[in-house]
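> Structure, please.
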Amino acid sequence: MTVHKQSTSVSSPRPGVLFSALYLWLPLVVWMGAIFFLSAQPDLPHASTGWLDLLFSSGAHLFLFAVLAILWGRALGQGWRSRLIALALALIYALSDEFHQVFVPGRHADPWDLAFDALGAVLGLLGWVWLQRRISISPKSPS
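Numbers count the residues shown, from 1 in each chain. You can find the predicted model right below:
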């Protein structure tokens, strides 16, 4: 009769799996934290001219949420379903960001900010998909 000793040690995750998870998810979490930090500021620097301030603010919203959507898409993986989920999550975060600003002194929710957040998320994902396709197409070799 053979007696097998059962191991009582808890197996730790493989280093490659942990690194892969951090590589995919840490940039997303840091970016979301940066957006939250910026939204929590009572008064951000802005241009003195109304149209210049609008241009800078709208551009910032486009950029921040384009990157957020790309990071969500990168973390969730390939495929249209993942990209739609990434877009939905970026939009939910944009909504929560505007809601958060209601509670920050000197800030308020702005539907235009939300519109530029959404536009940034869509353009970011479309640009990311275009770039992925462009990179994956190998040039034809001359015959």
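
> Going by C-alpha atoms from here, please, whenever you check contacts or count neighbours.
Will do.

> And the helices in this structure?
15-39, 50-76, 80-101, 111-136 (DSSP state H).

> With mean pLDDT and mean neighbour count as extra columns, can I get those in CSV?
Output for the helices of the chain, formatted as CSV (pLDDT from 0 to 100; neighbours: other CA atoms under 10 Å):
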stretch, mean pLDDT, mean neighbour count
helix 15-39, 92, 14
helix 50-76, 91, 20
helix 80-101, 96, 18
helix 111-136, 94, 18
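
> what's the nearest residue to the spatially most central residue of the chain if we skip its chain neighbours?
Per CA atoms, centre = their mean, the C-alpha nearest to the average position across the chain is that of residue 68, at 1.9 Å. Excluding its sequence neighbours, the residue lying closest to residue 68 (CA to CA, 6 or more residues apart in numbering) is residue 90, at 6.4 Å.

> cool, residue 70 as well?
Per CA to CA, 6+ apart, closest to residue 70 is residue 125, 5.6 Å.

> Can you name the residues that contact that neighbour?
Going by CA atoms under 8 Å, 6 or more residues apart in numbering, residue 125 touches 66, 69-70, 73, 83, 87.

> let's see 7 Å
Contact analysis of residue 125 by CA atoms under 7 Å, 6 or more residues apart in numbering lists 66, 69-70.

> Need those in TSV (columns: distance to residue 94).
Converted to TSV, the contacts of residue 125 look like this (distance: CA to CA, whole Å):
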residue	distance to residue 94
66	11
69	10
70	14
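
> ok, those vs residue 55, which is closest?
residue 66 (16.2 Å; CA to CA).
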